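**Q** A structural model of the following input is requested.
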Amino acid sequence: QVQLAESGGGLVQAGGSLRLSCAASGLAFSNYAMGWFRQAPGKERECAARISSNGIIRYYEESVKGRFTISRDNAKNTVYLQMNSLKPEDTAVYYCAATTKTKVSDLVTSRGYDYWGQGTQVTVSS
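**A** Below is the predicted model:
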């Protein structure tokens, strides 16, 4: 049974930092590209960042470039999202997701991912 377990969310003041972790089990982690998605109330789920299976290719949504860093440790079956200079508009539930797909057209949408975590709340106060 595949499980993705996020942790590290919480309440932080604007300008602060959080580090999200997603521990994967039940899958060959090093074969999967991983994404961090977020969904704010009343908004669609969007891909904040994603990373290829070998960690070489990384993508960031425009609004998080220069502030967020995605990384992975295939030996620990874990993907991370370091979030710095947080803004109130970063407030959302953050989900990690896994996929074996490689086409960009699949990776930019939530429909392209096979497995999802339960999500972790990030709240940034102004």
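
**Q** low-confidence ranges in this protein?
**A** Within the chain, no range satisfies pLDDT under 70.

**Q** ranges for the strands of the chain?
**A** Taking DSSP state E as the criterion, the chain carries its strands at 3-7, 10-13, 18-25, 33-39, 46-51, 58-60, 68-73, 78-83, 92-99, 115-116, 120-125.

**Q** For those strands, could you give me TSV that also reports distance to residue 107?
**A** Just so you know, the C-beta spots here come from the backbone N, C-alpha and C atoms, and that holds for glycine as well. Below are the strands of the chain laid out as TSV (distance: least, C-beta to C-beta, whole Å):
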stretch	distance to residue 107
strand 3-7	16
strand 10-13	28
strand 18-25	16
strand 33-39	6
strand 46-51	6
strand 58-60	7
strand 68-73	13
strand 78-83	14
strand 92-99	7
strand 115-116	14
strand 120-125	21
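
**Q** mind checking which of these is nearest residue 108?
**A** Shortest distance between residue 108 and these, using C-beta to C-beta, is found for strand 46-51: 5.8 Å.

**Q** now the angle from the closest one to strand 18-25?
**A** Between strand 46-51 and strand 18-25, the angle comes out at 70 degrees (axes from the mean of the first three to the mean of the last three C-alpha atoms, to 10 degrees).

**Q** So what touches strand 46-51?
**A** Outside strand 46-51, the residues that touch it by C-beta atoms under 8 Å, 6 or more residues apart in numbering are 33-39, 57-61, 64, 68-72, 79, 81, 94, 107-110.

**Q** burial of residue 44, as a residue count?
**A** Using other C-beta atoms under 10 Å, the number of residues around residue 44 comes to 8.

**Q** what's the span of stretch 2-12, first residue to last?
**A** Length of stretch 2-12, first residue to last, C-alpha to C-alpha, to the nearest Å: 30 Å.

**Q** Name the residues of that stretch that come out as buried.
**A** Buried positions in stretch 2-12, judged by neighbour count with 16 or more other C-beta atoms under 10 Å: 4, 6, 8, 9, 12.
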